[in-house]
Each structure stands twice: as structure tokens, then as C-alpha cells.
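Colleague: could you look at this predicted model? Sequence included:
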Amino acid sequence: MPSRRSLSVASAAALIATALGILISYLIHWFPAQASTQAHNTDVLYHVLVIASIPIFVLVVTVILFSVWQFRVRPGEELKDGPPIHGNTRLEVLWTAFPAVLLLGLVSYSFVVLHDNEQGRPASEIQIQATGQQFAWSYQYPPSVTGGAPVTSDKLYVPKGQSVYFNIRAKDVIHAFWIPAFRLQEDAVPGITTHWRVTPTRLGSFPVVCNLLCGLGHSLMRSTVHVVTPTQFRTWIKAQASTASAGAGGAASGTGTTG
């Protein structure tokens, strides 16, 4: 049987490793800067999962290493069998029930966070359609946003502090519409429209990435989301609408002249 001192050493090492693991998870900035309300909720969920996972990982590794240390085969014992030990029913019920309860709790909390990220549809919410194709993203702003004809652009602009509802589509293969700073991702699947909702909270430009292997040009399928003030957003939309109208007018004029 292992001595009380060896058990104390193993327990102390496990506690230190757990504390260091949780501390490192906070000290290292694993993710880009938060740029949406959903990002904050997701990061809190991440830390809860880490705090729950690290002690379990350390416990399992400690038991394994302790067993190797204390119950290893000594020279001359290679042909010996271990002593017959009857199972401990109470212990087996405990180590089955506790992980089950823990997993159910974490799954439930994850569901609540993801559900809350999708809730809330304020009257000022705008909709934007994001379309993926090999190998680029395009964005369509509907009449409810432009106040006139829809505008299609390869640039994504969204207003800070305003809820944005994305309708996500694909023209060819499956893509993934992922904005790391928003902590949100949704697949773009041919034939169906998927959705996610976000409220930007940080001005700036952030990468839009397709993180599903969609062909030879997958690594080049990148875009940028520009989070601007509501005034700047309206100004940009008006400029795009004016450009589109001028282009359409020029095309119509050219067609009429040719005819």
C-alpha cells in the first residue's frame, strides 16, 4: 500500500498543477479582441469549461502517474499476478454519476449561452446576406437597409451597437462564415439559408474567414468586416447605392444608344 506521505505528495502536486493550469488559461490571450456582445458571452463559457476540465484532466493524469510510481513491477516480479481485489460499488457509482452530472451541467450551460446569443430582435436590427463561393464572399444589403434598391458588395460594413442578422448562403460547396472577433461561425450550405445574429461593440476592421476546406483557393477566401459608427454606416450605404444607380443608369443608356 502507498504511504500517507506519497499520497500527500501526489495530492499537493495535483493541486499545484490545477492552479497553474487555470492561471495560464487566463494569462495567455488565446483569442483576438472581443468585438461583440456574443464574444463576451462565449469567452465566459470558455473559461467555465476550462475551470471544469483542468481539475478532471489533472486528476486522471495524477492517478495514472501515481499508479505507475507506486504499483510498478519491480525486478523479479514480472511473472507475478496482482492481488485479487473486489470492486468497490460505491466508488464505481460515484465516478459514473459525478461525470454524468458535470457533463449535463456544462452542456446545459453551453446551450443557455448559445441560445442567449441568438435571442433578442430589436426593432433597429438590420439584415445582411452573406454569400460564399469559390473563393470569395459577397454581401447584399436589402432595401430595408439601403432605403431603395438592394446593394451587393464584396465589402462588409456593419454599424457598432446595432444588432445585425446574417442570412448565409453558398453558391457551390460548403463554406464556413466565421468572424473570430465576434466568436461566431455558421456553415454556408448550398440549397439552404443559415443564420446568426451579432451586435458589434468595437470599432475597427476584423478578418472574415472560411475555415472549411472548400477547394484549392480555400486559403485565399478571406474578407474583412468593418465596424463603423451608425452615421458612417449610413454614409457608406448611400455611397454604394449611388454608385450602383449610376452604374445601372450608364448601362441602360449604353444599351439604348446601341439599339
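Modeller: Good, I have the coordinates. Residues are numbered from 1 along each chain as shown.
Colleague: so how far is residue 176 from the closest residue to residue 39 other than its chain neighbours?
Modeller: Excluding its sequence neighbours, the residue lying closest to residue 39 (C-beta to C-beta, 6 or more residues apart in numbering) is residue 183, at 4.2 Å. C-betas here are computed from N, CA, C, even on glycine. Relative to residue 176, residue 183 is positioned 14 Å away (C-beta to C-beta, to the nearest Å).
Colleague: more neighbours, the two?
Modeller: Comparing residue 183 with residue 176 by other C-beta atoms under 10 Å, the one with more neighbours is residue 183, at 23 against 19.
Colleague: so that one sits right up against residue 44, yeah?
Modeller: No: if you go by C-beta atoms under 8 Å, residue 183 and residue 44 don't touch, sitting 10.6 Å apart.
Colleague: give me the number of residues near the closest residue to residue 182 other than its chain neighbours?
Modeller: Spatial nearest neighbour of residue 182, chain neighbours left out: residue 36 (4.3 Å); criterion: C-beta to C-beta, 6+ apart. Other residues near residue 36 come to 25 when the count uses other C-beta under 10 Å.
Colleague: and residue 225, what's its pLDDT?
Modeller: Looking at residue 225, its pLDDT is 95.
Colleague: can you get me a residue count around it?
Modeller: 24.
Colleague: my guess is it contacts residue 160, does it?
Modeller: No: using C-beta under 8 Å, residue 225 is not in contact with residue 160; the gap is 11.4 Å.
Colleague: pLDDT weak spots in the protein?
Modeller: Within the chain, the stretches with pLDDT under 70 are 1-2, 78, 82, 120, 244, 246-259.
Colleague: that one: helices as residue ranges?
Modeller: Along the chain, the stretches classed as helices by DSSP state H are 4-27, 37-70, 89-118, 143-146, 230-258.
Colleague: okay if I get those helices as a markdown table plus distance to residue 204 and mean neighbour count?
Modeller: Formatted as a markdown table, these follow (distance: least, C-beta to C-beta, whole Å; neighbours: other C-beta atoms under 10 Å):
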| stretch | distance to residue 204 | mean neighbour count |
| --- | --- | --- |
| helix 4-27 | 24 | 13 |
| helix 37-70 | 13 | 15 |
| helix 89-118 | 21 | 12 |
| helix 143-146 | 21 | 14 |
| helix 230-258 | 12 | 12 |
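Colleague: how far away is the residue nearest the centre of the chain from residue 233?
Modeller: The residue lying closest to the centre of the chain (C-alpha atoms, centre = their mean) is residue 183, at 4.3 Å. Remark: distance between residue 183 and residue 233 (C-beta to C-beta) = 22 Å.
Colleague: quick check: phi and psi on the residue nearest to the centre of the chain?
Modeller: phi 60, psi 30 (degrees, to the nearest 10).
Colleague: residue contacts, it?
Modeller: 31, 34, 36, 38, 39, 42, 43 (C-beta atoms under 8 Å, 6 or more residues apart in numbering).
Colleague: tell me the contacts of the second one?
Modeller: Yep, that's residue 34 we're talking about. Residue 34 sits next to 40, 43, 181, 183, 201, 202 when contact means C-beta under 8 Å, 6+ apart.
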